[in-house]
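Colleague: Here is a sequence with its predicted model. Questions after.
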Amino acid sequence: MDFNKIKEKGMEYVERGRLAAADLTEKGKIQARILSDQAKLIRAQRQLGVLVYSLAKGNEENQPLVDKYIDMIGAIEQEIAQMKAKLTPAEVQEVERASADVEIDPADVLDPDESAADGQTEAKCCPQCGAPVEPGSLFCNMCGAQL
């Protein structure tokens, strides 16, 4: 066998390996973004539930703010669907299994009054109206400004 042929085959295998590694890296980044967006989606859905509950409890209405949350949730869902379309069905199942394995952080479930009493979180205020907002909120419950 000629040395040039051996060198050529070696270069071909190196290139294939490089392309495979780049492909795996890209798919890993997509999977990480999907998991991140799913966490964002869960938080937005939870905040929408809290908002609707607090509005109903206080006999108030703020449909524009509710619509903002619904639109934002729809945009996140659409982004997740677009990213999943770039993956194979097996990779999508892998992401779904990984997202099912993620546990909810107890700090996310605590009552804001309890966590404030522990001194773990600082009070956050809306930059537009100055109303206190829950840490991790995406919109102000009073004026609807995006945080």
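Modeller: That came through, no problem. Predicted model, so just to flag it, every value in this text is computed and none were measured.

Colleague: okay, CA-based contacts and neighbour counts for the rest of this
Modeller: Noted.

Colleague: Next, count neighbours for residue 29.
Modeller: Look at residue 29: counted by other C-alpha atoms under 10 Å, it has 12 neighbours.

Colleague: Could you check which helix or strand contains it?
Modeller: Element membership for residue 29 (DSSP states H and E) is helix 3-57.

Colleague: Could you export the next helix or strand after that helix as PDB, CA atoms only?
Modeller: As assigned by DSSP H and E, the chain's next helix or strand after helix 3-57 is helix 63-85. Written as PDB, here are the backbone C-alpha positions of helix 63-85 (Å, rounded to 0.1, in the frame of the first residue of the first chain):
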ATOM      1  CA  GLN A  63     -57.100  40.100  31.100                       C
ATOM      2  CA  PRO A  64     -54.200  41.900  29.300                       C
ATOM      3  CA  LEU A  65     -51.700  40.500  31.900                       C
ATOM      4  CA  VAL A  66     -53.200  37.000  31.600                       C
ATOM      5  CA  ASP A  67     -53.000  37.300  27.800                       C
ATOM      6  CA  LYS A  68     -49.300  38.200  28.100                       C
ATOM      7  CA  TYR A  69     -48.600  35.100  30.100                       C
ATOM      8  CA  ILE A  70     -50.500  32.900  27.600                       C
ATOM      9  CA  ASP A  71     -48.700  34.400  24.700                       C
ATOM     10  CA  MET A  72     -45.300  34.000  26.400                       C
ATOM     11  CA  ILE A  73     -46.200  30.300  27.200                       C
ATOM     12  CA  GLY A  74     -47.200  29.800  23.600                       C
ATOM     13  CA  ALA A  75     -43.900  31.200  22.300                       C
ATOM     14  CA  ILE A  76     -41.900  29.000  24.700                       C
ATOM     15  CA  GLU A  77     -43.900  25.900  23.500                       C
ATOM     16  CA  GLN A  78     -43.300  26.900  19.900                       C
ATOM     17  CA  GLU A  79     -39.600  27.300  20.500                       C
ATOM     18  CA  ILE A  80     -39.400  23.900  22.200                       C
ATOM     19  CA  ALA A  81     -41.200  22.300  19.200                       C
ATOM     20  CA  GLN A  82     -38.900  23.900  16.700                       C
ATOM     21  CA  MET A  83     -35.800  22.600  18.600                       C
ATOM     22  CA  LYS A  84     -37.300  19.100  19.000                       C
ATOM     23  CA  ALA A  85     -37.900  19.000  15.200                       C
END
